[in-house]
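Novice: Sequence and predicted structure, then a few things I'm wondering about:
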Amino acid sequence: MRVIVVGAGVLGTLHAWEAVERGHEVVHIERETEARGASVRNFGLVWVGGRAGGPELATALRARELWEGIGERVPGLGFRPNGSLTVVRNEAEHAVAEAATRRPDAASRGYELLGADDVRALNPALRGDFLGALRCERDAAVEPRTAQRALREALSASGRYTFLGGREVREVVGERSVRDDHGDLHEGDAVVLCTGAWLGGLVRELVPDLPVRRVRLQMMQTAPLGEALTTSVADADSFRYYPAYGGPELDAWAAAQPQQPVAAEHRMQLLMVQRADGGLTIGDTHEYATPFGFDVVEDPYEHLTGVVEGLLGRPLPAVRRRWAGVYAQCTDTSRVVHRQRLRDGVWLVTGPGGRGMTCSPALAEDTANEIGW
């Protein structure tokens, strides 16, 4: 079978990977010369801990298993099973974390409630003032800026993969072909559109009422920390954001301890991951109302700096990069992804939202099974 994959973000790249793994030939088309969207502007988190139960958690756990296997074969992916710590600083936050460990699915997530001394033993870079942390052993990380490139290099070695960058697909021709903006026709046996947050143009023509929205976020990256941050780190505001932590303990804490004004205005949580060069990727914000601003604003960065310095117990290294990114999310946020057959041989897969990096290998596997590759 010859599969045409449109879009070279993480979701498209993993669909290409899945097709090649199943013995098919892949033509992979990307409108930029390299992926430039949310797939390279994120934390690189394989984030199991906060996922909603049921199908979403099952997808995340399967993806975590697949990521580890891919990482063993593609060292350039930078996969590391570093786990995460969601740090708590008072008794109300601690109660939310403790309740999470009593969930029926807590063992599958690898939840463990740690005291402050155990947190510092596990992650000595955390020298600040806190009560403890919820550990999620199943969380992991990859290097988002280089992951797609490393995967493409591995795919190219198969001899059944062709990457065409700098070509925008303008038309779906018939049931199994596309035409790009160079006028070239690419014929196959199946077409999978993984266009990310590019929801206009061809996508709007094909699906005028697509149940997907765009979300904008701001992030930053520092100079090397100078020591290992051995786990990914979150603050308790992530309890407010991720569905896994819902319950009476969360309701009581949220009522008694509202978010700080800047964090509430920008719908913030702290997530922090150390990159291969030793720098820290730190974020994030959430903006849903369009049109989005074209610039980044400073207040969220100041807030995040204060939170991080409080956990590290030391000044943050110099910030080297600041950026914004936009990703696509199903308007029904309980859905993991929007997968739609547009024609007999043409599928659209988009809208995983913040689950994209975590879940892409499993989402690609599900697509392949549904199509019958």
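Specialist: Received, thanks.

Novice: Only C-alpha atoms from now on, for both contacts and neighbour counts.
Specialist: OK.

Novice: residues in contact with residue 361?
Specialist: 11, 14-15, 18, 63, 66-67 (Cα atoms under 8 Å, 6 or more residues apart in numbering).

Novice: Any chance of these in JSON lines with distance to residue 181 as columns?
Specialist: JSON lines is the format used below for those (distance: Cα to Cα, whole Å):
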{"residue": "11", "distance to residue 181": "22"}
{"residue": "14", "distance to residue 181": "24"}
{"residue": "15", "distance to residue 181": "22"}
{"residue": "18", "distance to residue 181": "26"}
{"residue": "63", "distance to residue 181": "34"}
{"residue": "66", "distance to residue 181": "34"}
{"residue": "67", "distance to residue 181": "34"}
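
Novice: Just the ones in helices from these, please.
Specialist: Using DSSP state H, 11, 14-15, 18, 63, 66-67 are the members of these that sit in helices.

Novice: if we can go back for a sec, for the contacts of residue 361, pick the one with the most neighbours.
Specialist: Taking other Cα atoms under 10 Å as the neighbour criterion, residue 15 ranks highest of these with 33 neighbours.

Novice: measure that residue to residue 43 for me?
Specialist: 21 Å (Cα to Cα, to the nearest Å).

Novice: so which of the contacts of residue 361 comes closest to residue 289?
Specialist: residue 11 (24.3 Å; Cα to Cα).

Novice: show me the contacts for that closest one.
Specialist: Residue 11 neighbours (Cα under 8 Å, 6+ apart): 194, 196, 356-357, 360-361, 363-364.

Novice: Ok, residue 155 next?
Specialist: 17, 20, 161 are the contacts of residue 155 under Cα under 8 Å, 6+ apart.

Novice: Skipping adjacent residues, who's closest to the last one in space?
Specialist: Spelled out, that is residue 161. Nearest residue to residue 161, sequence neighbours excluded (Cα to Cα, 6 or more residues apart in numbering): residue 26, at 4.9 Å.

Novice: That neighbour in helix, strand or coil?
Specialist: Following DSSP: H, G, I helix; E, B strand; the rest coil, the label given to residue 26 is strand.

Novice: dump the residue contacts of it.
Specialist: Residues in contact with residue 26 (Cα under 8 Å, 6+ apart) are 2-5, 16, 19-20, 160-162.

Novice: from the residues you listed, which single one is nearest residue 350?
Specialist: Closest to residue 350 out of the contacts of residue 26 is residue 5 (12.7 Å), distances taken as Cα to Cα.
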